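In: here's a sequence, model it:
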Amino acid sequence: MTLRIALALLFIGCLLSPATVLADEKGPVDDEHAAMEKEHAQADADHKKWLAEINKMQIEHRKALAALSKLQAEIFEHEAMLAEQAEEIRLHAEHIAEHEHEIADHDDADHKKLAKQHEEIQATHEKFAKQFAEIKHDHDDLIKSLLGLVDKHLKKFHAAHD
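Out: From the prediction side, this is the model:
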């Protein structure tokens, strides 16, 4: 009989305080919900951080593209300068050829004049040699750097996306 009374009292107690019983049953659910909310808050923070970083990268990409456009313009300008330099070299070569004919056809009275012309031609030639060495060095450095950079990043990009 005591067991029956104890069970009855327990039953009555549960009926009188349903919140206690429900709170005990919802405990793990509430914990689960709290954990989910925490994960959602973390995901939201991650998303904001990632979007801010993507925005920063997009700005940097635009700046890099602007810099590449400036570099491209410089390369086009350099190309024009190379064309001018090539024309000056062709004219210089023609001048040397004319000087060769003058040497073959000169008489002794014109020798001093030819010697002076030759010195001027040699000075011009040395100037062209120096200019060419500088142009060649700058060109080789630029091309090596640019093509190396492009190759490096294309390999990384394709490796990451293949």
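In: for residue 161, see how far away the spatially most central residue of the chain is.
Out: In the chain, the residue lying closest to the centroid (Cα atoms, centre = their mean) is residue 64, at 6.1 Å. Plainly put, residue 64 is 19 Å away from residue 161 if you go by Cβ to Cβ, to the nearest Å. All C-beta atoms are positioned from the backbone trio N, CA, C, and that covers glycine.
In: again with residue 138
Out: For residue 138, the distance to residue 161 equals 34 Å [Cβ to Cβ].
In: can you check residue 98 too?
Out: For residue 98, the distance to residue 161 - Cβ to Cβ - is 60 Å.
In: all helices for this structure, in order.
Out: All helices of the chain, identified by DSSP state H, fall at 2-16, 18-105, 111-161.
In: now render those as CSV, adding mean pLDDT.
Out: Listed next are the helices of the chain as CSV, based on pLDDT from 0 to 100:
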stretch, mean pLDDT
helix 2-16, 61
helix 18-105, 88
helix 111-161, 89
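In: in stretch 98-117, what's buried?
Out: residue 117 (16 or more other Cβ atoms under 10 Å).
In: going forward, begin numbering at 621 instead of 1
Out: Yes, from this point I'll number from 621; that puts the last item at stretch 718-737.
In: what's in contact with that stretch?
Out: For stretch 718-737, the external contacting residues (Cβ atoms under 8 Å, 6 or more residues apart in numbering) are 738, 741.
In: roughly how far out does it sit from the chain middle?
Out: Relative to its chain's centre, stretch 718-737 lies at 58 Å (Cα atoms, centre = their mean, to the nearest Å).
In: send the alpha carbons of that stretch over as PDB?
Out: C-alpha atoms of stretch 718-737 as PDB (Å, rounded to 0.1, in the frame of the first residue of the first chain):
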ATOM      1  CA  GLU A 718      78.000  55.800 -97.500                       C
ATOM      2  CA  HIS A 719      81.200  56.400 -95.500                       C
ATOM      3  CA  GLU A 720      82.600  53.100 -96.900                       C
ATOM      4  CA  HIS A 721      82.000  54.400-100.500                       C
ATOM      5  CA  GLU A 722      83.600  57.700 -99.600                       C
ATOM      6  CA  ILE A 723      86.600  55.900 -98.200                       C
ATOM      7  CA  ALA A 724      87.000  53.900-101.400                       C
ATOM      8  CA  ASP A 725      86.600  57.000-103.600                       C
ATOM      9  CA  HIS A 726      88.500  59.600-101.600                       C
ATOM     10  CA  ASP A 727      91.700  61.300-102.600                       C
ATOM     11  CA  ASP A 728      94.400  62.300-100.100                       C
ATOM     12  CA  ALA A 729      92.900  65.900 -99.700                       C
ATOM     13  CA  ASP A 730      89.700  64.500 -98.300                       C
ATOM     14  CA  HIS A 731      91.300  62.100 -95.800                       C
ATOM     15  CA  LYS A 732      91.100  64.500 -92.800                       C
ATOM     16  CA  LYS A 733      87.400  65.100 -93.600                       C
ATOM     17  CA  LEU A 734      86.800  61.300 -93.800                       C
ATOM     18  CA  ALA A 735      88.700  60.700 -90.500                       C
ATOM     19  CA  LYS A 736      86.600  63.300 -88.800                       C
ATOM     20  CA  GLN A 737      83.400  61.800 -90.200                       C
END
